[in-house]
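Trainee: my questions are about this predicted structure, shown below with the sequence.
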Amino acid sequence: MVDVVDYVWMDTPVGRLLVAGDNAGLRNVLFGEGRSEAKPQPGWREDATRLANAVRQLRAYFAGELRRFDLPLAPEGTPFQRRVWQELLAIPYGKTISYGELARRIGKPTGSRAVGLANGANPISIVIPCHRVIGSTGKLTGYGGGLKTKEWLLELERGQLAFAR
């Protein structure tokens, strides 16, 4: 029997997010607007029940009350992409690294472009913190939710927003 993917739309300070998952875990946190506008896939079911914990943790994150997610994750991707995404989870809250540093950390010191592509393909934005990767000069570079969103997330994590704790 194939497990049905449940989804829910969530309004956040950075816009609408599509949150989706199944029995294996959280599969998607995608931006409803921006570079690649999210849409539920055929066969998905709108049902927030299974996603209640993910939604609760995302709300706590946006309120500045959660620094580390504790959710089962089930992103779909190539072995290389999954390796990059796993390393993203090791970047501490409020910190940033460059694409080159991320490439070095996974043992591919000349692979910053490939790392950038894998980073951009991250299907679980925010929870797998691809927003914490920046250019080698410290400049913010591409982000699926847009550069203003990336900047907002980094400011939240640095405690630079008025409501952040």
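Mentor: Looks like it arrived, so ask away. On a predicted model such as this, the values are computed, not experimentally measured, just so you know.
Trainee: ok, and the closest non-adjacent residue to the residue most central in space within the chain?
Mentor: With distances taken as CA atoms, centre = their mean, Ser125 lies nearest the centre of the chain, 1.6 Å away. Closest residue to Ser125 in three dimensions, ignoring its sequence neighbours and counting by CB to CB, 6 or more residues apart in numbering: Val29, at 5.0 Å. Every C-beta, even on glycine, is put in place using the N, C-alpha and C of the backbone.
Trainee: one step back: which phi and psi does the residue nearest to the centre of the chain have?
Mentor: Per-residue torsions, Ser125: phi -50, psi 150 (degrees, to the nearest 10).
Trainee: how does the protein divide into domains?
Mentor: When the chain is parsed into structural domains using automatic domain parsing, the resulting residue ranges are 6-62, 79-157.
Trainee: need the ones you listed in CSV with mean pLDDT and distance to Leu71, can you?
Mentor: Shown next, in CSV, are the domains of the chain (pLDDT from 0 to 100; distance: least, CB to CB, whole Å):
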stretch, mean pLDDT, distance to Leu71
domain 6-62, 93, 5
domain 79-157, 92, 6
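Trainee: enumerate every residue touching the residue nearest to Ser125.
Mentor: The neighbourhood of Val29, defined by CB atoms under 8 Å, 6 or more residues apart in numbering, consists of Leu17, Leu18, Val19, Ala54, Leu58, Pro123, Ile124, Ser125, Ile126, Val127.
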